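> Just a sequence and a predicted model for now, questions to come.
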Amino acid sequence: MLNLAVEQALNGLQLGVTLFLLAAGLTLIFGIMGVINIAHGSLYMIGAFFCAATLAATKSFLLALLAGIGGAALAGMLMEMLVMRRLYARDHLDQVLATFGLSLCVNEAFSIVFGQRPLYVDIPPWLAGSVEVVAGVPYPTYRLAIVVVGLLVALGLYLLISHTRIGMLVRAGSTHRDMVRALGVDVRLLYTLVFGLGALLAGLAGLMAGPVYTVQVGMGEQILILTFVVVVIGGLGSIRGAFLAAMIVGLVDTALRAFVPPWLKTFMEASAADALGGGLSSLGIYLLMALVLLVKPRGLLPAHG
């Protein structure tokens with residue numbers, strides 16, 4: 001039982017850092033620009049597809065890594081320049097409709113180019129195998145690498161936002177954009193770079209998830225809902241809140257899926273327990289969000305105030 005708990009805790013951390021990479025970009029974009037970007041999941045998919053296609057063509061994981069994060073960042077900046085700039089002054093309903101339509105266009109384009117069949121990405125040989133984290137609990141090296149990379153990115157993002165001039169401009173731009181503009185800062189360029197950073201983080205999450213899951217059209221929409229839950233629980237516009245909420249959601253979601261069905265099987269048939277357990281596990285995250293909002297309507301660590 002202890003071994004299973006340790007393994008599921010590590011799985012929860014892995015899911016948590018993946019959600020954080022997505023939520024950090026999403027909440028950063030909303031906090032700075034006030035834009036609700038439903039197409040953020042498409043950037044996650046773009047990173048995964050660019051990585052998978054480059055790896056298949058070159059057999060180089062380093063080139064695939066650069067292609068994944070570079071392609072997602074470039075796609076994000078193009079998205080900001082061609083679409084998002086026209087949405088800043090519009091209300092949130094217009095933003096949701098426009099970015100939802102954009103995500104549909106991206107999905108159709110990738111269906112035409114790559115087809116509907118999923119792509120499978122091999123784990124790099126130097127990250128294959130497993131590590132015994134505690135006695136009797138081997139854990140895949142690649143999944144541990146995802147956790148480590150996610151935590152390092154979280155630390156780097158904190159240092160960037162809190163202790164650099166760029167971070168100061170980003171924080172100032174979220175609350176006093178007119179003053180920042182009056183000081184001679186090119187706010188349009190700042191917005192493009194912030195959007196590119198958010199896209200890069202989403203692409204990094206996508207390419208790291210590729211070898212664990214399958215790379216397929218629409219994969220971004222599947223995880224985007226959980227990402228929005230993380231953003232809401234953590235507090236809109238808050239990087240610290242996104243990190244805390246991502247860890248909580250990752251651990252809770254993994255624990256519910258691992259332990260609820262076996263518990264139900266103790267007093268009902270296996271098929272019924274699996275069906276009911278899956279539903280209850282999915283519902284648990286939304287109940288968690290409701291409880292958090294009931295106690296703290298602005299989230300656990302809101303950005304301002």
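Received it, and whenever you're ready, just let me know what you need. Keep in mind that what you see is a predicted model, and the values were worked out from it rather than measured.
> So which residues of the protein form strands?
Remark: strands assigned in the chain by DSSP state E are 130-134, 137-140.
> most neighbours per residue, which of these?
Mean neighbour counts were taken over these using mean count of other Cβ atoms under 10 Å, and the top value, a mean of 16, falls to strand 137-140. To be clear about C-beta, it is placed using only N, CA and C from the backbone, and glycine gets the same treatment.
> strand partners of that one, parallel vs antiparallel please.
strand 130-134 (antiparallel) (DSSP bridges).
> Just the CA trace of the partner strand, in CSV.
C-alpha atoms of strand 130-134 as CSV (Å, rounded to 0.1, in the frame of the first residue of the first chain):
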residue,chain,number,x,y,z
SER,A,130,13.7,3.4,-14.1
VAL,A,131,15.1,4.7,-10.8
GLU,A,132,14.4,3.1,-7.4
VAL,A,133,13.1,6.2,-5.5
VAL,A,134,12.5,4.2,-2.4
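> Show me the shaky parts of this protein.
1-2, 171, 173-178, 180, 304-305 (pLDDT under 70).
> picking up where we left off before, I'd like the strands of the chain laid out as a markdown table, including distance to Leu294.
Formatted as a markdown table, the strands of the chain follow (distance: least, Cβ to Cβ, whole Å):
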| stretch | distance to Leu294 |
| --- | --- |
| strand 130-134 | 36 |
| strand 137-140 | 36 |
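> Need the outlier residue of this structure, farthest from its centre.
Within the chain, the residue lying farthest from the chain centre (Cα atoms, centre = their mean) is Phe267, at 36.9 Å.
> so what's the backbone phi/psi at that one?
The phi/psi pair for Phe267 (degrees, to the nearest 10) reads phi -140, psi 20.
> Let me know the distance separating it from Leu276.
Distance, Phe267 to Leu276, using Cβ to Cβ, to the nearest Å: 11 Å.
> try Val131
Distance from Val131 to Leu276, counting by Cβ to Cβ: 35 Å.
> Among the strands of the chain, which comes closest to Met81?
strand 137-140 (39.4 Å; Cβ to Cβ).
> I'd like to check what contacts the closest one. Which residues are they?
The contact list for strand 137-140 (Cβ atoms under 8 Å, 6 or more residues apart in numbering) reads Asn3, Val6, Glu7, Leu10, Gly129, Ser130, Val131, Glu132, Val133.
> and if we set it to 7 Å?
Asn3, Val6, Glu7, Leu10, Ser130, Val131, Glu132, Val133 (Cβ atoms under 7 Å, 6 or more residues apart in numbering).
> what's the most distant pair in the residues you listed?
By the measure Cβ to Cβ, Asn3 and Val131 form the most distant pair in these, at 14.3 Å.
> what's around the closest residue to Leu226 other than its chain neighbours, how many residues?
Excluding the flanking residues, the one nearest Leu226 by Cβ to Cβ, 6 or more residues apart in numbering is Leu19, at 6.0 Å. Using other Cβ atoms under 10 Å, Leu19 has 27 neighbouring residues.
> now do the one 3 residues further on
Counted by other Cβ under 10 Å, the residues lying close to Leu22 total 30.
> mind listing what it touches?
For Leu22, the contact set (Cβ under 7 Å, 6+ apart) comprises His40, Tyr44, Ala202, Ala205, Ile223, Thr227.
> how near is it to Val185?
From Leu22 to Val185 the distance is 28 Å (Cβ to Cβ).
> Kindly report the same for Asn37.
For Asn37, the distance to Val185 - Cβ to Cβ - is 23 Å.
> Of those two, which one has the most company?
Neighbour comparison, Asn37 and Val185: the larger count goes to Asn37, with 31 against 15 (by other Cβ under 10 Å).
> so who does the closest residue to the more buried one other than its chain neighbours touch?
Leaving aside its sequence neighbours, Asn37 sits nearest to Thr99 (Cβ to Cβ, 6+ apart; 5.1 Å). Shown in contact with Thr99 (Cβ under 7 Å, 6+ apart): Asn37, Ile38, Ala39.
> switch the cut-off to 8 Å
Contacts for Thr99 (Cβ under 8 Å, 6+ apart) come out as Val35, Ile36, Asn37, Ile38, Ala39, His40, Val83, Leu87.
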